[in-house]
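Asks: would you be able to build a 3D model of this:
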Amino acid sequence: MFLFIKLNVLSTSICTRETLKLLEQDHIEDGHIIIMNSIAGHHNHALIASGSGFYSGTKHMLAALTKALHTELVQKKSKIRVTSISPGLVLSRGVKAHIEAGAFTEDFAALGALDCKDISDAVLYVVGAPNHVVISELTIVPNGQLM
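Replies: The predicted structure is shown next:
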């Protein structure tokens, strides 16, 4: 369980903190921070796998931290944008390994999945928005998957 905290919360928080330091150090006033979350950060999907509630909890925490970061930057009158991208099932190497190991329920494996390119396209869409536009949350799921 601690791995989920380290991966989903601590590593994201540390990377964000260091990115903000670099942006400030280089006098970049209009950067963009993208947080990769999950639909599990908005809804607790018990059908993912046994014990997935803790994973979902860390993603909920990430959603809260992202909103707090956005609020802090707005209060500082910063032009740095913050976006949370929350995909549903993505057929990544990790997901493929879990499917092969039988770690997911049949219902979960049958949902269909997004390609990694779908997520990279979403990132390009978000960063391509004009500087006066903040896409604070982008949820992307495969057709047929619950949100």
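Asks: only C-alpha atoms for contact and neighbour calcs from this point on.
Replies: Noted.
Asks: what about the most centrally placed residue in the chain, distance to Asp26?
Replies: Against the mean C-alpha coordinate of the chain, by Cα atoms, centre = their mean, the closest residue is Asn37 at 1.7 Å. To Asp26, Asn37 is 27 Å away according to Cα to Cα, to the nearest Å.
Asks: now the lengthiest strand in the chain - C-alpha only, CSV.
Replies: Criterion DSSP state E: the longest strand present in the chain is strand 81-87. The C-alpha trace of strand 81-87 is given here as CSV (Å, rounded to 0.1, in the frame of the first residue of the first chain):
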residue,chain,number,x,y,z
ARG,A,81,-1.9,26.6,-15.5
VAL,A,82,-2.7,23.3,-13.7
THR,A,83,-4.5,20.5,-15.4
SER,A,84,-5.5,17.1,-14.1
ILE,A,85,-5.9,14.4,-16.7
SER,A,86,-8.0,11.5,-15.5
PRO,A,87,-8.0,8.6,-17.9
